[in-house]
Every structure is written in structure tokens, then in C-alpha cells.
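K.L.:
Only the shape, not the letters, is given here:
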Ligand code: MRU
């Protein structure tokens with residue numbers, strides 16, 4: 001099973017991105033060659049979702065190295081450091097970004113690389129490989145979930161938050177990938193989609209993907225989740241993650257934590273779905289995760305129009321951390337993990 005579209009394509013010096021801030025009204029691809037424009041695209045969420053941020057950074061660095069004229073390997077390596085720093089600073093929470101940068105660092109540190117061309121080719125190959133591996137991980141995640149968690153019946157109703165589909169990954173998606181996979185198996189699937197305030201990744205992006213795939217869904221505002229779980233049978237809440245610590249605490253889009261609390265109240269299984277590139281085993285608990293804080297205007301405005309009195313004070317945490325005791329299982333490409341979570345380096 002393959003994704004029906006790709007939000008990112010790369011050809012040596014250029015990256016083509018589907019501008020996600022314009023969806024669902026406008027499907028517009030933009031071409032990037034300048035690395036500062038690419039870092040800006042990541043910060044503005046034109047390209048977003050933990051795994052896709054890592055892929056975009058790797059391609060951004062590769063395109064910049066391929067276009068930068070350098071007379072020596074030392075000069076190109078200096079430029080790499082500058083690029084790395086620029087991408088490192090884009091978004092703090094998704095581990096996948098730092099995973100991708102670490103992978104490129106390993107290439108750069110390879111003592112066998114002795115020329116400018118060799119460095120460019122090796123970085124390019126690594127960036128493409130990171131993308132391919134994520135595509136494969138998405139598929140394995142979906143297979144694992146379909147074979148172990150969702151193999152007992154033909155009808156499943158899910159509730160999901162944010163966007164974890166092809167718009168967020170290098171493949172079919174993580175939590176949304178499972179949903180697409182089960183639908184593709186011929187099961188009757190229905191999805192309740194949280195709109196995901198403040199930037200509406202659920203309403204704008206997940207609903208757009210489900211519509212494209214012809215998977216039945218119902219859009220709800222984030223604060224309806226309890227009422228929905230009270231009135232309808234929900235088989236499971238499935239969401240993604242931006243960073244998972246050693247003990248299983250999982251950072252994901254703001255609102256995930258309260259969704260987990262509601263799911264626990266109603267005894268609805270709550271699954272985190274993520275590739276191993278999202279795991280950060282250098283952190284013991286979720287308290288150590290840096291949570292991105294974004295511009296207040298994302299909260300005080302709706303679609304660019306003031307929705308609160310001007311100069312209202314607001315807080316805009318982009319993510320929250322769901323503690324491990326609220327997580328029924330963590331689905332990865334290696335299998336499904338259950339409590340007690342004790343993740344360690346491979
Ligand atoms: O701010 P975003 O849109 O990048 O946040 C995305 C999420 O929180 C996703 O749930 C997460 O990155 C997992 S994507 C497979």
C-alpha cells in the first residue's frame with residue numbers, strides 16, 4: 001500500500017512542497033532551493049508533522065550543499081555546520097528533526113569522504129534513505145496494528161487528533177496510516193476528527209486526507225470529545241507523537257493529554273503511534289521534553305481575523321505530554337509496546 005500523494009519531492013537542487021497552510025482550499029506546490037526559505041517553511045508549518053520535518057530538513061540541507069559553490073571540502077563542511085544550525089533551530093519538540101540531523105552528521109564525520117562531490121552525493125543518498133525508511137516504517141506500523149490490535153472484527157470507530165497522515169510523514173502516515181490500512185483491507189471504518197485548535201490540522205488536513213481516501217469521518221471541535229465518547233462507541237483513540245521518552249511519556253499536539261484523560265474516564269483504549277525515529281531515550285520522563293511555544297496571534301486570531309479583544313493575553317503551547325499511565329499501548333514499526341514502558345537505545 002502506498003500513499004496517494006506526496007507532500008514533498010526532491011531533485012538534487014530543489015524541493016517541491018505542498019503548502020499545508022493553504023489546505024484544504026488551495027492545493028499549491030511551492031519550489032524551494034534556498035535553505036533559509038526552507039527553514040522558514042518549517043517554522044510556518046507549510047511542511048509539518050514530526051517525521052516530515054526531519055525529511056524536509058535533510059532534503060533542505062542536501063539541496064543547499066548541492067547548489068553551494070565550494071572550492072574545498074573544508075569550505076563545504078563549514079557551510080554544512082551553518083545549515084545544520086539553521087535547521088536545528090526551526091522547531092524544538094519533534095525528535096525526528098534531530099534524528100535526521102544526527103544521521104547527516106554521521107555522514108559528514110565519515111573519514112572516507114575526501115572530496116566535495118563525495119560529500120554532496122553521500123548527504124543526498126542519506127536524505128533519500130531517511131525518507132524511504134520512514135515510508136517503510138509507516139507501512140510496518142499499520143501492519144502491526146492491523147495484525148494485533150484491530151484484527152477482531154470488521155467495523156472500527158476511531159477518534160484522532162491533529163494530522164498524522166501522508167501530510168506528516170514520508171508514507172501513508174502513523175495513526176492515520178493505520179486507519180487507511182484498515183480501510184484498504186475492506187473494513188468499515190469511521191473516524192471522529194478533532195479539529196485541533198489553534199491551527200486546525202485536524203479540520204484542514206486530516207479531513208482533507210480522509211476525504212481524498214473516501215474514508216467516512218465526522219469532524220468535531222476539540223471540546224466535544226467527552227460528549228462523543230459518552231454517546232457513541234469509540235473503539236480506540238489513535239494519535240501520533242513528536243517525542244517519546246524512555247518511560248513512554250509522549251509529547252504530541254496540544255490537546256492530546258486532555259483527550260487521553262477523557263479516554264481513560266470512558267475506558268476507551270488510547271494508543272500512541274510513532275516510528276522509532278520519534279523516540280528519545282536520552283530523556284527519562286516527559287518533563288524533560290522542550291515544548292514549543294508559538295505566537296500568541298495563533299490563539300487570538302482565527303483565520304487571520306481577531307477573535308478576541310486586541311492585546312488579550314494568551315498562551316500558545318504547541319504540544320503537551322501525555323503521561324505513560326494514560327497510554328494503553330505504543331505502536332511502532334517493531335511492534336506494539338505495553339506498560340511498563342522501558343525504552344532503551346537499539
Ligand atoms: O505542529 P505540527 O502540525 O507539526 O504537529 C504535528 C503533530 O503533533 C503530530 O501529531 C505529530 O507530529 C505526529 S505526525 C506523524
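P.N.:
Structure received. Everything quoted here is computed from the prediction, not taken from an experiment.

K.L.:
and whichever residue of the stretch 151-300 of the chain sits closest to the ligand, how many neighbours does it have?
P.N.:
Of all residues in the stretch 151-300 of the chain, residue 240 sits closest to the ligand, at 2.8 Å by C-beta to the nearest ligand atom. All C-beta spots, glycine's among them, are computed from the backbone N, C-alpha and C. Per other C-beta atoms under 10 Å, the neighbour tally for residue 240 reads 30.

K.L.:
and this protein, which residues reach the ligand?
P.N.:
45, 48-51, 94, 162, 164, 168-169, 174, 201, 240-242, 252-253, 318 (C-beta under 6 Å from any ligand atom).

K.L.:
Angles on the backbone of the residue of the stretch 151-300 of the chain closest to the ligand, please.
P.N.:
When read as degrees, to the nearest 10, the backbone of residue 240 gives phi -90, psi -160.

K.L.:
ditto for residue 15
P.N.:
Per degrees, to the nearest 10, the backbone of residue 15 is at phi -120, psi 130.

K.L.:
what's near enough to touch it?
P.N.:
Going by C-beta atoms under 8 Å, 6 or more residues apart in numbering, residue 15 touches 8, 9, 31, 32, 33, 38, 56, 59, 60, 63.

K.L.:
for the third one, phi and psi?
P.N.:
It stands for residue 31. Residue torsions, per degrees, to the nearest 10, at residue 31 are phi -100, psi 130.

K.L.:
Please apply the same query to the fourth one.
P.N.:
According to degrees, to the nearest 10, the main-chain angles of residue 32 amount to phi -120, psi 140.

K.L.:
what pairs with it across the strands?
P.N.:
residue 15 (DSSP bridges).

K.L.:
Enumerate the positions of the top helix by length along the chain that are buried.
P.N.:
When the chain is parsed with DSSP state H, its longest helix is helix 116-148. Residues of helix 116-148 classed as buried: 116, 119-124, 126-127, 130-131, 133-135, 137-142, 144-146 (neighbour count, 16 or more other C-beta atoms under 10 Å).

K.L.:
can you check stretch 10-24 too?
P.N.:
In stretch 10-24, counting by 16+ other C-beta under 10 Å, buried: 10, 15, 17, 18, 19, 20, 23.

K.L.:
before we move on, back to that, sort out which of the residues of the chain next to the ligand are in helices and list them.
P.N.:
Per DSSP H, the residues of the chain next to the ligand map to helices at 50, 51.

K.L.:
Measure how buried the residue lying closest to residue 89 once chain neighbours are set aside is and give me the count.
P.N.:
Nearest in space to residue 89, with sequence neighbours left out and distances taken as C-beta to C-beta, 6 or more residues apart in numbering, is residue 39 at 7.6 Å. Around residue 39 there are 22 other residues, counting by other C-beta under 10 Å.

K.L.:
Residue 39 belongs to a strand?
P.N.:
No. Assigned with DSSP: H, G, I helix; E, B strand; the rest coil, residue 39 falls outside any strand and is helix.

K.L.:
I'd guessed it sits against residue 88; true?
P.N.:
No. Taking contacts as C-beta atoms under 8 Å, residue 39 lies outside contact range of residue 88: 9.5 Å.

K.L.:
Now for the protein, the helix or strand with the poorest mean pLDDT.
P.N.:
Scoring the helices and strands of the chain by mean pLDDT, DSSP states H and E places strand 301-302 at the bottom, with a mean of 92.
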